[in-house]
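Q: let me see the structure of the following:
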Amino acid sequence: MRRAEVQTVMHILTSLGFGGVERRMQTIGKYCKPTQMKHVFVSIGSGGETEQALRESGVEVICLNNSFRIPSFCAILSLVSCFRRYKPVAVHTHGSEANFHGLIAAWLARVPVRIGEEIGIPSHSWIARQVFRVVFFSAKYVICMSNAVADWIIKSGEVPQSKALLIHNPVDLPFSREKQQDHMPCFRIVFIGRLEKVKNPVVLIGMISWLNKTNRPAELWIIGEGSQRTMLEEKAEAEGITDQVIFKGYQKDPAHFIRQCDLCIQPSLSEGFSQSLVEAMGCGVAVVVTATGAAQEVVKEGETGWIVPYHDEKTIADAVAAAYDLGSEEMYTMGQAARSSVKNRFAPNQYIRELEDLYLGIERA
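A: Predicted coordinates:
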């Protein structure tokens, strides 16, 4: 390989709308340097918010507009054609459907470096585990963004320990929250995420009601969209707390809202690595999280936030009550400790350098 030659890596995703993995692609697009490697982003399905952001960053984006439901033979054929046209040195797939179609297509197209990535802790059946065991066999490595994800894919038998590689997600930290001279009109809590069952947003409504009963009135900002929004709105109305639960919808810049809050809460039932959690801590806001995925690797109990062992509203409300009782001064101090703990740990430049060294190191071996 000539030193002056710039090699191409293709990132394969199911879609380029919005979400945690999509926001990570925006970070890669923003920080990658085309003089080192050319990063091309391929959506098996449709484009959207992230597609536009990537194009604005000056990187190449391809939307195949195929079904990504397993198995999609059209998706595999489209990807094979794409790989043969671009001749990438590496293909990096992100998430279950992208892993399935992308790794098979990369093997068929004889792409030299094939990297899978598990972005969460999937609920695969026994049959699905055997299928992915075969799919991952063609990959040199399977990247995991937390020890919890790595432990799961090894114990499930999908990936041998020798192939599981821990690389934490990059997070482009926002500006920190400024110290409030006067406490806000009320204690304000923020949730950022998809309004889906796995994120467990339903407990937040009952949590606000419980706080009211203990004379700890709070305001909840919900940032995100999803299939449970109507149900959550109806539940808030039934509880008589519509004035305390404010639905902000999807926001391109959630940090603007996070900085106006006292506490960020993540009550997920399952989580691989939460980018919104690290972003909230980067804003200088303390957190309450359930003990899932990377939470215990990121949050220091009692120093940068609270880790709760259960997903029910009473357990979560107890932790929020502890935060409420600390007062604004102590909460600000904890928030600043949260920012310090993540400030240099998830640097985008370091992440991209680690990825590119991985791609080229395998290719040169």
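Q: mind checking how far stretch 87-102 is from the chain centre?
A: 18 Å (Cα atoms, centre = their mean, to the nearest Å).
Q: can you pull out the helices in the chain?
A: Using DSSP state H, the helices assigned to the chain run over residues 20-31, 49-56, 73-86, 96-108, 126-137, 147-155, 202-213, 229-239, 255-258, 275-282, 295-298, 313-326, 328-342, 348-364.
Q: to residue 192, which of the ones you listed lies closest?
A: Closest to residue 192 of those is helix 275-282 (Cβ to Cβ; 4.1 Å). Every C-beta, even on glycine, is put in place using the N, C-alpha and C of the backbone.
Q: using PDB, list the CA coordinates for the closest one.
A: What follows is helix 275-282 as a C-alpha-only set of coordinates in PDB (Å, rounded to 0.1, in the frame of the first residue of the first chain):
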ATOM      1  CA  GLN A 275     -24.600   8.700  25.100                       C
ATOM      2  CA  SER A 276     -27.300  10.900  26.600                       C
ATOM      3  CA  LEU A 277     -26.200   9.900  30.100                       C
ATOM      4  CA  VAL A 278     -22.600  11.000  29.400                       C
ATOM      5  CA  GLU A 279     -23.800  14.200  27.700                       C
ATOM      6  CA  ALA A 280     -25.900  15.100  30.700                       C
ATOM      7  CA  MET A 281     -22.900  14.500  33.000                       C
ATOM      8  CA  GLY A 282     -20.900  16.600  30.600                       C
END
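Q: now the closest residue to residue 264 other than its chain neighbours: how far from residue 270?
A: With Cβ to Cβ, 6 or more residues apart in numbering as the criterion, residue 264 has its nearest non-adjacent residue at 3.7 Å, and that residue is residue 280. Using Cβ to Cβ, to the nearest Å, we find residue 280 at a distance of 19 Å from residue 270.
Q: okay, the two: which has more neighbours?
A: Higher neighbour count among residue 280 and residue 270: residue 280, with 33 against 18, using other Cβ atoms under 10 Å.
Q: look up how far residue 174 lies from that one.
A: For residue 280 relative to residue 174 (Cβ to Cβ), the value is 9 Å.
Q: quickly list what's touching both of the two.
A: Counting by Cβ atoms under 8 Å, 6 or more residues apart in numbering, the contacts common to residue 280 and residue 174 are residue 258.
Q: list the residues that contact residue 218.
A: 186, 187, 188, 189, 208, 211, 244, 320, 324.
Q: select only the buried ones of those residues in PyMOL?
A: Only the buried members of the contacts of residue 218 enter the following PyMOL selection, criterion being 16 or more other Cβ atoms under 10 Å:
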select buried, resi 187+188+189+208+211+244+320+324
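Q: make TSV out of the contacts of residue 218 and add distance to residue 289 and pLDDT.
A: Shown next, in TSV, are those (distance: Cβ to Cβ, whole Å; pLDDT from 0 to 100):
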residue	distance to residue 289	pLDDT
186	22	83
187	18	92
188	18	94
189	13	96
208	18	95
211	18	94
244	22	96
320	12	95
324	17	95
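Q: want to throw the contacts of residue 218 into TSV with distance to residue 45?
A: Converted to TSV, the contacts of residue 218 look like this (distance: Cβ to Cβ, whole Å):
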residue	distance to residue 45
186	41
187	41
188	36
189	34
208	36
211	40
244	37
320	37
324	42
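Q: check the residue nearest to residue 264 and give its pLDDT.
A: Predicted confidence (pLDDT) for residue 280: 93.
Q: so what pLDDT did residue 312 get?
A: 89.
Q: cool, and the one 5 residues further on?
A: Per-residue confidence for residue 317 comes out at a pLDDT of 93.
Q: can you get me a residue count around it?
A: Residue 317: 25 neighbours (other Cβ under 10 Å).
Q: that one and residue 207 touch, don't they?
A: Yes. Here residue 317 reaches residue 207: they are 4.4 Å apart, a contact under Cβ atoms under 8 Å.
Q: rewinding a little: pipe the helices of the chain into JSON lines and attach distance to residue 305 per row.
A: Formatted as JSON lines, the helices of the chain follow (distance: least, Cβ to Cβ, whole Å):
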{"stretch": "helix 20-31", "distance to residue 305": "19"}
{"stretch": "helix 49-56", "distance to residue 305": "28"}
{"stretch": "helix 73-86", "distance to residue 305": "40"}
{"stretch": "helix 96-108", "distance to residue 305": "29"}
{"stretch": "helix 126-137", "distance to residue 305": "33"}
{"stretch": "helix 147-155", "distance to residue 305": "17"}
{"stretch": "helix 202-213", "distance to residue 305": "16"}
{"stretch": "helix 229-239", "distance to residue 305": "23"}
{"stretch": "helix 255-258", "distance to residue 305": "13"}
{"stretch": "helix 275-282", "distance to residue 305": "8"}
{"stretch": "helix 295-298", "distance to residue 305": "9"}
{"stretch": "helix 313-326", "distance to residue 305": "8"}
{"stretch": "helix 328-342", "distance to residue 305": "6"}
{"stretch": "helix 348-364", "distance to residue 305": "23"}
